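Asker: would you be able to build a 3D model of this:
(one chain, ligands or ions: 1)
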Amino acid sequence: MDARGRTIRGRFIHAPRPDGIEILSDALVAVDERGTISAVSTPAESGHADRLSAARDAGTLVELPRRASVLPGFVDLHIHAPQYPQLGKALDVPLEIWLYRYTFPLEARYADLAFAERSYRLLVGDLLAGGTTTALYFATLHGEATLLLAAICLELGQRALVGKVAMDHPDNCPAFYRDADADAAIEGTRALIREVGRLEGNDGLVHAVATPRFIPACTDALLEGLGALVGECGCHVQTHCSESDWAHGYVLARHGRTDAEMLDRFGLLTRRTVLAHSNFLTPQDMNRVAARGAAVAHCPLSNAYFANSVFPLRAALARGVRVGLGTDISGGPISSMLDAQRMAITASRMLETGVDPDVPAERRGRPGSRIDVPLAFHLATAGGADALDLPVGSFAAGRQFDAILVDPDAPGSTLRLFDDVDGEEDYLEKIVHTATRANLATVWVAGRPVAGAASGG
Ligand SMILES: O=c1[nH]c(=O)c2nc[nH]c2[nH]1
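Answerer: Modelled structure (predicted):
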């Protein structure tokens, strides 16, 4: 069902703030012809009954099934599009070996546009079906294939920020997969920004992002040049930051300073920066990141394989760092943002209690670390939207209607609601823990149905 020009009546669940969810029962959400929400109301509000009859009289009212709920679409704040073909495998070695052994050879194959087209088309379709309505993508160092990814997102209707990976350091990038030099990487980034802006029909759905892979893969000249470009054009920036013992230690050894300090010196730590992982941020780093207004993409599943630690999410939030969630495929072997939420909750519980039974309970964990479903859901929706300053992630007038219809009665459902056991207040917890793609009946971006059994997608 196309939501543009319609008023939708049903249950809407969102978490505009980190401290809890709002359930808008029997609500009306009106969507204009451009996919922007024009009004939201619940039965207790004045004018609601009039709006209901007006929509009914105009024939624009859509009534959703009683047991269904509408959620904001998910924002994947860190994902490597070219790594999709190795999703679910090659997770047996540390980060620095994984890059050389598996990942750089795979990413190098995107010089072949036919390969890129097949892989990217499959990925974007699968992500939309999984409810990811916005994605912040690392692509590869190839300009043409990266532009193709942007075009595919536009065609299939996914809101996206897409980066040509910049990496030129001869010590940490193989000869077969690195930019020729700093100038080539900077010019490639500049060209992508220009070309994405010129894609036919792109009225702001897809953007280009400056994407220095991480400090170890970049020369100082490249980082300086990208910082200057970002200062000039104000585009978004994404990079990996203090991810693992090795990556964090490498930057300290090369510069005598942390990743966050160095990114700041290079002009790469701005309100439009997203730092993936960031597990080893110091308290001073967190203050610096918060002061610059940069955000962290927390990738709990991938951290279990490559980060040697759990990201101290509560500590970062307490210091005012903006945080969203990422799948980090294929470092994280699952592309679903439902799984990212589950893993964020699980990892936080393990950080809180600690994991080694040989250590006494009182010294085993980090008290006060746990997060719950509402906070994980906030991070996956409004938190990610806020990190990108995009008008999505919750239901309010002026925001884009990027949304997911969750149907517990869909064929193949794994979400079991018991009317005589569950109240409305239980629905979100059950959805986050037990729903699968089968339950995502329709996925909308800017009101356009882009996936889901009920959308014909
Ligand atoms: O999880 C990760 N995936 C990557 O592709 C990568 N590159 C640098 N650091 C990285 N970490």
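Asker: residues of the stretch 301-450 of the chain that sit close to the ligand?
Answerer: 302, 306, 328, 331 (C-beta under 6 Å from any ligand atom). Backbone N, C-alpha and C define where each C-beta goes, glycine included.
Asker: host element of the residue lying farthest from the centre of the chain?
Answerer: The C-alpha centroid of the chain is most remote from residue 57, which lies 39.3 Å away (C-alpha atoms, centre = their mean). Using DSSP states H and E, residue 57 sits in helix 48-58.
Asker: show me what counts as buried in the helix or strand residue 118 falls within.
Answerer: Taking DSSP H and E as the definition, residue 118 sits inside helix 113-129. Judged by neighbour count using 16 or more other C-beta atoms under 10 Å, the buried positions of helix 113-129 are 116-117, 119-120, 123-129.
Asker: packing partners for it?
Answerer: helix 143-156, strand 440-445, strand 448-451 (3 or more C-beta pairs under 8 Å, 6 or more residues apart in numbering; DSSP states H and E).
Asker: nearest residue to the middle of this structure?
Answerer: Mean-position check on the chain, C-alpha atoms, centre = their mean. Result residue 76 at 1.5 Å.
Asker: from what I see, that one and residue 338 are in contact.
Answerer: No: using C-beta atoms under 8 Å, residue 76 is not in contact with residue 338; the gap is 11.3 Å.
Asker: how about low-confidence regions in the protein?
Answerer: Residue ranges of the chain with pLDDT under 70: 454-457.
Asker: returning to that earlier point: which of the residues of the stretch 301-450 of the chain next to the ligand has the largest number of neighbours?
Answerer: Neighbour count (other C-beta atoms under 10 Å) singles out residue 328 as the most crowded of those, with 32 neighbours.
Asker: separation between that residue and residue 282?
Answerer: Distance, residue 328 to residue 282, using C-beta to C-beta, to the nearest Å: 22 Å.
Asker: so what's the residue in the chain positioned nearest to the ligand closest to, chain neighbours aside?
Answerer: Of all residues in the chain, residue 331 sits closest to the ligand, at 3.3 Å by C-beta to the nearest ligand atom. Nearest-residue entry for residue 331: residue 302, 3.7 Å, with adjacent residues in sequence omitted and distances by C-beta to C-beta, 6 or more residues apart in numbering.
Asker: that neighbour belongs to a helix?
Answerer: Yes: with DSSP: H, G, I helix; E, B strand; the rest coil as the criterion, residue 302 is part of a helix.
Asker: contacting residues around it?
Answerer: 277, 326-328, 331-332 (C-beta atoms under 8 Å, 6 or more residues apart in numbering).
Asker: tabulate these (CSV), appending distance to residue 160 and secondary structure.
Answerer: Formatted as CSV, the contacts of residue 302 follow (distance: C-beta to C-beta, whole Å; DSSP: H, G, I helix; E, B strand; the rest coil):
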residue, distance to residue 160, secondary structure
277, 21, strand
326, 14, coil
327, 14, coil
328, 16, coil
331, 19, coil
332, 18, coil
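Asker: what about stretch 298-314, start to end distance?
Answerer: 11 Å (C-alpha to C-alpha, to the nearest Å).
Asker: before we move on, what about stretch 37-56?
Answerer: End-to-end distance of stretch 37-56 (C-alpha to C-alpha): 18 Å.
Asker: repeat for stretch 296-314
Answerer: Stretch 296-314 has its terminal residues 12 Å apart, counting by C-alpha to C-alpha.
Asker: now do stretch 39-57
Answerer: First residue to last in stretch 39-57 (C-alpha to C-alpha) measures 17 Å.
Asker: and that stretch, how far from the chain's centre?
Answerer: 33 Å (C-alpha atoms, centre = their mean, to the nearest Å).
Asker: buried residues, that stretch. List them.
Answerer: 40-41, 51-52, 55.
Asker: ok, stretch 219-228 next?
Answerer: Buried residues in stretch 219-228, defined by neighbour count with 16+ other C-beta under 10 Å: 219, 222-227.
Asker: that's a helix at residue 314, yeah?
Answerer: Yes: under three-state DSSP, residue 314 sits within a helix.
Asker: find the nearest non-adjacent residue to it, please.
Answerer: Nearest residue to residue 314 in three dimensions, chain neighbours excluded: residue 369, at 5.3 Å (C-beta to C-beta, 6+ apart).
Asker: just residue 83 next, same as before
Answerer: That would be residue 330: by C-beta to C-beta, 6+ apart, it lies 3.8 Å from residue 83.
Asker: how far away is that neighbour from residue 449?
Answerer: Distance, residue 330 to residue 449, using C-beta to C-beta: 28 Å.
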